[in-house]
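Engineer: my questions are about this predicted structure, shown below with the sequence.
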Amino acid sequence: MKWTRKDLLSLYDLSADEIMAILDTAQEFKKVSERRVKKVPALRGKTVVNFFVEPSTRTRASFELAEQRLSADIVNMSASTSSLSKGETLLDTVKNIEALQVDLIVMRHSAAGSHNFLAKRLKCGVINAGDGAHEHPTQALLDIFTIIQRKGRIEGLKVAIVGDILHSRVARSNIWGLLKLGAKVTIGGPATLVPREFAKIGVRVCDNLKDTIEDADVVNLLRIQHERQRESYFPSINEYANIFGLNRETIKYLKPDALVMHPGPINRGVEVEASIADGPQSVILEQVTNGLAVRMAVLYLVAGCLEK
Amino acid sequence: MQMQKNTKTLIFDEKKIAGDIVKVAEAILSDFSKKNLYDIAFLGMQLKGVPFARRIISSIKSSSGINIPLGTLDISMYRDDIGIRKTLPVIHETDIPFDLNNKAIILVDDVLHTGRTIRAALDAITDYGRPSMIKLAVLVDRGLREFPIQADYIGEMCHVSENEHVSVSWKELEGVDAVYMMPEKNKGMKI
């Protein structure tokens, strides 16, 4: 499978073969970080701009480290340091960045589809590090990579995604990726946060935790986004933790060999109890390690397809 | 206008290749005393260098009884033409199951051409450790170097024009041991 895209915008766009091409490449990049010299010259001479219009710590640090391990030159920009705060349009800001002869822009933006808009208008590559509630492709790729490393496959596995599906780009990217690779996906959470429409694309939709997770091979717990809880989707955080949180009681529904995943940052005691987050079923820190390898693979593949 | 046929010509057959494997194995055996053979390790370049390395190792084993370790090396991440090539090569496994510090590394590839792949391999190896020395073994040296790199052990020399491509087939991969010559498909994009 030859990779031919200069952008990574969403998993919705990718074929199963393209997803596997990224994950196979990530396999080899994972080994780079385990070596004595944790750096390869693959992106030497390339310039990457990390443009995070929405706040991010882990995704940004992961991308930055991935770029450094590929020997790229890096510029970091955030909304407050960019001219967006002076009233410049997004396209103008990014066109100005491109005029500095950069090769790749890794962007996070609150507007869904902003990456698609820019990718069509720019020569440089665009990597989506999260766009609103739309997609977060590298997070889903690292989740899928982690599942394959632990379970050996995706096809036929039952994957449950629990929590605020409505606002979650992580959920959307995971759902597209998992369905393309042949997993059976169930979503569950408070009815106000779990859109029924997902049933139309073949996702099982549940409104209680037991039904959502009881035969799952993998449970991916989404973060409750406090910043979006101004409108009341559920009565209280406590009530959410009791009904949809994974705790000493509710873990009894789960198969003993099921994986527990979380994209972070964790609200301990809300989505998952501390002892489970740190317990034997949890692969939460492996997800972080794998994220680096997956992002190296994406940067490498995309950089190989830039206009000559 | 004359149509150019995309034909391939056999230049070395199975028998010739079998002789080359023995020749290279013997040259390595005579360069390293029996005691020093224990300090050698082979690194086969992905993809076509790996079967050649495996064959040399088994030839050395049958004449000396010594089992030499084999690793595989993929140099995709060390290429100097990422973003210049039309498509990226698929990354194959790099697996070095031994400590290469203070080892004599025999780097093995199928065809030596520009020397650029070997340049990349040398960079890759030094990122894994500090071997006591690195030697190069190739099945075919086809000339037309772009870098000052030469092989220490050579199966066959052949002078092939820039417009021709030399391609090695192995039983393990293509079902037959053979070396072919054919018109270069991607002119100007040598590897």
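Structural biologist: Ah, there it is.
Engineer: which residues does the spatially most central residue of chain B bridge with?
Structural biologist: Centroid-nearest residue in chain B, with Cα atoms, centre = their mean: residue B:109, separated by 0.4 Å. Bridge pairing for residue B:109 (DSSP bridges) gives the partners residue B:138.
Engineer: contact partners for residue 132?
Structural biologist: Just going to use chain A. Neighbour list for residue A:132: A:109, A:110, A:111, A:112, A:113, A:114, A:169 [criterion: Cβ atoms under 8 Å, 6 or more residues apart in numbering or on different chains]. Quick note: C-beta positions are derived from backbone N, CA and C, even for glycine.
Engineer: you looked at the wrong chain, it should be chain B
Structural biologist: B:39, B:102, B:103, B:104.
Engineer: repeat for residue A:247
Structural biologist: So residue A:247 contacts A:241, A:272, A:273, A:276 (Cβ under 8 Å, 6+ apart).
Engineer: which of the residues you listed fall in helices?
Structural biologist: Per DSSP state H, helices hold the following members of those: A:241, A:276.
Engineer: okay, the contacts of residue A:247 in TSV with neighbour count next?
Structural biologist: Formatted as TSV, the contacts of residue A:247 follow (neighbours: other Cβ atoms under 10 Å in any protein chain shown):
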residue	neighbour count
A:241	19
A:272	28
A:273	19
A:276	23
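Engineer: among the contacts of residue A:247, find me the one that's closest to residue B:116.
Structural biologist: residue A:272 (50.6 Å; Cβ to Cβ).
Engineer: please name the residues that touch residue 49.
Structural biologist: Since no chain was named, I'll use chain A. A:74, A:75, A:76, A:77, A:97, A:102, A:104, A:105, A:106.
Engineer: should've been chain B
Structural biologist: Per Cβ under 8 Å, 6+ apart, neighbours of residue B:49: B:107, B:108, B:109, B:110.
Engineer: in the residues you listed, which residue is surrounded by the most others?
Structural biologist: Neighbour counts for these (other Cβ atoms under 10 Å in any protein chain shown) peak at residue B:108, which has 30 neighbours.
Engineer: just give the nearest non-adjacent residue to it, would you?
Structural biologist: The shortest distance from residue B:108 to any non-neighbouring residue, by Cβ to Cβ, 6 or more residues apart in numbering or on different chains, is to residue B:53 (3.9 Å).
Engineer: quick one, phi/psi of that neighbour?
Structural biologist: Residue B:53 adopts backbone torsions of phi -60, psi -40, taken as degrees, to the nearest 10.
Engineer: check contacts around it.
Structural biologist: B:42, B:43, B:44, B:70, B:106, B:108, B:137.
Engineer: just the ones of these in strands?
Structural biologist: Members of the contacts of residue B:53 lying in strands (criterion: DSSP state E): B:42, B:43, B:44, B:70, B:106, B:108, B:137.
Engineer: ok, so of those, who is nearest residue B:148?
Structural biologist: Among the ones in strands among the contacts of residue B:53, residue B:137 lies closest to residue B:148 (Cβ to Cβ), at 18.2 Å.
Engineer: got a pLDDT number for the closest residue in space to that closest one that isn't next to it in sequence?
Structural biologist: Nearest-residue entry for residue B:137: residue B:153, 3.9 Å, with adjacent residues in sequence omitted and distances by Cβ to Cβ, 6+ apart. Predicted confidence (pLDDT) for residue B:153: 98.
Engineer: residues contacting residue B:153?
Structural biologist: B:24, B:27, B:28, B:106, B:135, B:136, B:137, B:138.
Engineer: cool, and residue A:44?
Structural biologist: Each residue near residue A:44 by Cβ under 8 Å, 6+ apart is listed here: A:71, A:72.
Engineer: equivalent analysis for residue A:205, please.
Structural biologist: A:186, A:187, A:188, A:194, A:195, A:196, A:198, A:199.
Engineer: okay, now residue A:107: neighbour count?
Structural biologist: Neighbour tally, residue A:107, other Cβ under 10 Å: 25.
Engineer: which parts of stretch B:174-181 are buried?
Structural biologist: B:177, B:178, B:179, B:180, B:181 (16 or more other Cβ atoms under 10 Å in any protein chain shown).
Engineer: would a markdown table of those with pLDDT, secondary structure and distance to chain A be doable?
Structural biologist: Listed next are these as a markdown table, based on pLDDT from 0 to 100; DSSP: H, G, I helix; E, B strand; the rest coil; distance: Cβ to the nearest Cβ, whole Å:
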| residue | pLDDT | secondary structure | distance to chain A |
| --- | --- | --- | --- |
| B:177 | 97 | coil | 28 |
| B:178 | 97 | strand | 26 |
| B:179 | 97 | strand | 26 |
| B:180 | 96 | strand | 23 |
| B:181 | 95 | strand | 25 |
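Engineer: isn't there a strand covering residue A:51?
Structural biologist: Yes: applying DSSP: H, G, I helix; E, B strand; the rest coil, one finds residue A:51 inside a strand.
Engineer: tell me how many other residues surround it.
Structural biologist: Here the count is done by other Cβ under 10 Å, and residue A:51 has 26 residues near it.
Engineer: who's it bridged to?
Structural biologist: Going by DSSP bridges, residue A:51 forms beta bridges with residue A:77, residue A:107.
Engineer: need phi/psi at residue 103.
Structural biologist: Using chain A here. phi -100, psi -30.
Engineer: mind listing what it touches?
Structural biologist: Residue A:103 is in contact with A:46, A:47, A:48, A:72, A:124, A:125, A:303, A:306, B:83, counting by Cβ under 8 Å, 6+ apart.
Engineer: mind redoing it with 6 Å?
Structural biologist: A:46, A:47, A:124, A:306 (Cβ atoms under 6 Å, 6 or more residues apart in numbering or on different chains).
Engineer: doesn't residue A:98 make contact with the third one?
Structural biologist: Put plainly, it is residue A:124. Yes: in this structure, residue A:124 is within contact of residue A:98 by Cβ atoms under 6 Å, at 5.3 Å.
Engineer: more crowded one of the two?
Structural biologist: Higher neighbour count among residue A:124 and residue A:98: residue A:124, with 24 against 17, using other Cβ under 10 Å.
Engineer: next, give phi and psi for that one.
Structural biologist: Torsion angles, degrees, to the nearest 10, at residue A:124: phi -70, psi 160.
Engineer: please apply the same query to residue A:205.
Structural biologist: phi -110, psi 120.
Engineer: what about the nearest residue to it once chain neighbours are set aside, distance to residue B:174?
Structural biologist: Nearest non-adjacent residue to residue A:205, counting by Cβ to Cβ, 6+ apart: residue A:199, 5.1 Å away. As judged by Cβ to Cβ, to the nearest Å, residue A:199 and residue B:174 stand 48 Å apart.
Engineer: what are the ranges of the helices in chain A?
Structural biologist: A:16-32, A:58-69, A:90-98, A:114-121, A:137-151, A:169-180, A:209-213, A:237-244, A:274-277, A:284-303.
Engineer: now distance to chain B too, for the ones you listed, in JSON lines please.
Structural biologist: Below are these laid out as JSON lines (distance: least, Cβ to the nearest Cβ, whole Å):
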{"stretch": "helix A:16-32", "distance to chain B": "5"}
{"stretch": "helix A:58-69", "distance to chain B": "10"}
{"stretch": "helix A:90-98", "distance to chain B": "16"}
{"stretch": "helix A:114-121", "distance to chain B": "17"}
{"stretch": "helix A:137-151", "distance to chain B": "15"}
{"stretch": "helix A:169-180", "distance to chain B": "20"}
{"stretch": "helix A:209-213", "distance to chain B": "36"}
{"stretch": "helix A:237-244", "distance to chain B": "41"}
{"stretch": "helix A:274-277", "distance to chain B": "33"}
{"stretch": "helix A:284-303", "distance to chain B": "6"}
